[in-house]
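K.L.:
Please work out how this folds:
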Amino acid sequence: MSAELSPIVSEFETKEQAASHDHWFRAKVQASIDDPRQNVPHDQVMADMRALIESKRNKHDAG
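P.N.:
This next block holds a predicted model:
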């Protein structure tokens, strides 16, 4: 039987769900660490996203 978790302690209903999410999350982090591609600096990503948002706004305002 699954042990239920308090919503104050965890966003998951059971310890099994929490453990499953933890396993998935750790695998994603490790995959990112192991990725051989060059990292993109945070400032560059933010500048690219600001430009994308601005282009979408301009496209929406023109249409």
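
K.L.:
So which residues of the protein form helices?
P.N.:
Assigned by DSSP state H, the helices in the chain fall at 15-34, 42-62.

K.L.:
Would you reformat these as a markdown table and include mean pLDDT and distance to V9?
P.N.:
Heads up, the C-betas are built off the backbone N, CA and C, glycines and all. Formatted as a markdown table, these follow (pLDDT from 0 to 100; distance: least, Cβ to Cβ, whole Å):
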| stretch | mean pLDDT | distance to V9 |
| --- | --- | --- |
| helix 15-34 | 95 | 9 |
| helix 42-62 | 94 | 32 |
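
K.L.:
Make a markdown table out of these and add mean neighbour count.
P.N.:
Shown next, in a markdown table, are these (neighbours: other Cβ atoms under 10 Å):
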| stretch | mean neighbour count |
| --- | --- |
| helix 15-34 | 11 |
| helix 42-62 | 9 |
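
K.L.:
Between the ones you listed, which one is closest to S6.
P.N.:
helix 15-34 (11.4 Å; Cβ to Cβ).

K.L.:
starting at the chain centroid, how far to that closest one?
P.N.:
12 Å (Cα atoms, centre = their mean, to the nearest Å).

K.L.:
Need the helices of the chain in a markdown table (columns: distance to E4).
P.N.:
Shown next, in a markdown table, are the helices of the chain (distance: least, Cβ to Cβ, whole Å):
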| stretch | distance to E4 |
| --- | --- |
| helix 15-34 | 8 |
| helix 42-62 | 39 |
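
K.L.:
ok, now how distant is D35 from A18?
P.N.:
26 Å (Cβ to Cβ, to the nearest Å).
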